[in-house]
Every structure is written in structure tokens, then in C-alpha cells.
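Q: Below: sequence and its predicted model.
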Amino acid sequence: MARTVNICWHAQEDGRGRYNSTAMLNDMFDFYDCRHHGAWAKMPNVDGAVVVVHGGRELGRFEKLQSDIEPLKWCLLIYLGDEESSFPAEKIKHPNSISWVQEPIPGRHDFAKRFIVNGYGHGALSYIMRVGPSVTKDLDWFFGGQETHERRRACVDALREIDWGGITITTKGYHQGISLMEYYRTMCRARIVPCPSGLHSPDAARAWDALECGAIPILDNFSPMRNESGFWEYVLGNHPLPTINDWNLLPAKIEAMKIRNTEQLSAECQKWWFNYKNRFWHWLSQDIKELTGVGVECIKI
């Protein structure tokens, strides 16, 4: 019989969370026999648990989190949805714990064992499964999104200098452009997807959406709030995904990728992404085994 894993969404009464930052994590949880609890008040009396600490919802709740996990014999702490890194995760202490951090800051979050990516958007996989098989790769590139800060504006301005080969769609707000169905259909048509940063972190859902659509993401090395180099090496280690420092150089980078052979690069990126997700799915079992001496079995193939 598979061991049940108790998951506490520490500040979320609804549990699980229906956000881009939680989609990939929830998919991983579904590979195991997990029991989800919305907020600590709904937690049963257990020896240990996975505790999800979600961004700004936890502001001012440092002492409560510390107090809540104190009686546990073990805990796996997952900090996510905190692009601003406003929660002082580095100050939480427990004698038998492991931490995962999404959108970490190099140096500040060195205490964590795992760094997790933002992951694909909520509902992305269902859309991609519906539209992906029916389209062909007939676009060199595609960008659809808001021009909310300088990194995105620089990316869009550079794409406008390319005479042909792709599509740029800018919107006034989140989900205020084309339908999600059409968004993912167009992304599935693209060979390359430029992925400018979020406001605070270089990471955002678009890169992982692109990989799920069979496209090559171009990752942003910086963000408006972070100009330190080395973010992607810190989070991903060695990887084949293209990165960029200066979006003004995007047209030349796309041309160079086309000359190199996008099919070969796409195959390298897809192989890496498959292996990354496979490792990610197993982190839960590995870390619970490290904490308790007993791992958990996958219930889903």
C-alpha cells in the first residue's frame, strides 16, 4: 500500500492553489498518494508533512509558521509564489527539514536543497494536448504577452525589427489578448519563443509553456529588479536552453539559431526538459526518504 503524504497549504484555505506557480508542483503531487489540507487549522495530528509556503500570503506569519512546524518530527518546506522574495525563508528553523525554493536569489537561498522553476501555466497541459497534434511548426518565433516593464518592451521592440517569420501579440493585461486556446495553438506553431523576465525574477511560466509546446525558449538572464548574473546556472545547473543578456541582440540570436539548425537544438532542449521533469517527479520521494528513512511510492505511471 502506498504511503499517504500530508500536504499543508499553510496560508490557503482552498488548498493546492490554482496559480501558474503551483501547476507543475500539483502535477508532481498527483504522482503520489497525497492528502491536501487547506491551512494549518485543518491539519490532522501527524508526525510530519510537506508544508507549502505561498508568497505574499505569508507576510507577517513568520512566527506562526515557525510555531506550527515545531512539533513535527520532519517537514519538507516548499517556498513558492514569492517572486519578490519577501518572506524570510532563511530564518525558519527545524532540526529535521529540507527546503525547496522557487525563484531563489543566489546567496540568500543557499540553505535550500532544491530550486524549483516557476513551471508551466495553470491549465496549460490540457490546452496543449488539445491543439498541439493538429499544428505544424510554420513560425520561426512567437511572443504573446504584456509589455509591463523594460525587459519585455526591449524584447518586443527587437521582434518588430524582424521583417518576417513570426508573430508578436501584445496585450493590455493578463489573459486580455487572444484566447488561451489560440495562445497555445500559436505557441505550438513556433520553433522559438523569447521569454523576457518577470518584474522581479528572470523566471516565468512562458519558458516552460514553450518547452511543453515543443518550442525553444530564450531565457532572460536578468530582470528589472535583479541584475546579478548566474541565475539560471544557480537554478538549473548545466542546461542547453539559450539565454540572452541584451534583448536588442535578439534578431541576430534568432538568425544564428536558425543557421545552427533549430531542429537539433529543439531535440536537445526537449531531451533535457524530459529528464528535468523526471528528476523533479522523484524529488518528493527522495527527500521524504532522507527525512524519515522511508520513501513514498508513485501511484501514477
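A: Done, it's in.

Q: Name the nearest residue to residue 186, sequence neighbours excluded.
A: Among residues not flanking residue 186 along the chain, residue 142 sits closest, at 5.3 Å (CB to CB, 6 or more residues apart in numbering). Any C-beta I mention is one placed from the backbone N, CA and C, and that applies to glycine too.

Q: now that neighbour, what's its secondary structure?
A: Secondary structure, DSSP: H, G, I helix; E, B strand; the rest coil: residue 142 is strand.

Q: ok, it touching residue 166?
A: Yes - if you go by CB atoms under 8 Å, residue 142 and residue 166 touch, sitting 5.7 Å apart.

Q: More neighbours: these two, which one.
A: residue 142 (23 against 19; other CB atoms under 10 Å).

Q: these two touch, right, residue 281 and residue 31?
A: Yes - the criterion here is CB under 8 Å, and residue 281 meets it with residue 31 at 5.5 Å.

Q: what's the overlap in contacts for the two?
A: Residues touching both residue 281 and residue 31 comprise residue 298, with contact defined as CB atoms under 8 Å, 6 or more residues apart in numbering.

Q: ok, which stretches of the protein are helices?
A: Under the criterion DSSP state H, helices of the chain are mapped to 20-29, 62-69, 124-131, 150-159, 180-189, 205-212, 231-236, 250-260, 262-292.

Q: Quick check: neighbours shared by residue 142 and residue 166?
A: Between them, residue 142 and residue 166 share the contacting residues 190, 192, judged by CB under 8 Å, 6+ apart.

Q: most packed of the helices of the chain?
A: Counting by mean count of other CB atoms under 10 Å, helix 205-212 has the highest mean neighbour count of the helices of the chain, with a mean of 24.

Q: Restrict that helix to CA atoms and write it as PDB.
A: Below are the C-alpha coordinates for helix 205-212, written out as PDB (Å, rounded to 0.1, in the frame of the first residue of the first chain):
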ATOM      1  CA  ALA A 205       5.700  30.400 -16.900                       C
ATOM      2  CA  ARG A 206       6.300  31.200 -20.600                       C
ATOM      3  CA  ALA A 207       9.600  29.300 -20.800                       C
ATOM      4  CA  TRP A 208       8.100  26.100 -19.500                       C
ATOM      5  CA  ASP A 209       4.900  26.600 -21.600                       C
ATOM      6  CA  ALA A 210       7.200  26.800 -24.600                       C
ATOM      7  CA  LEU A 211       9.000  23.600 -23.900                       C
ATOM      8  CA  GLU A 212       5.700  21.800 -23.500                       C
END
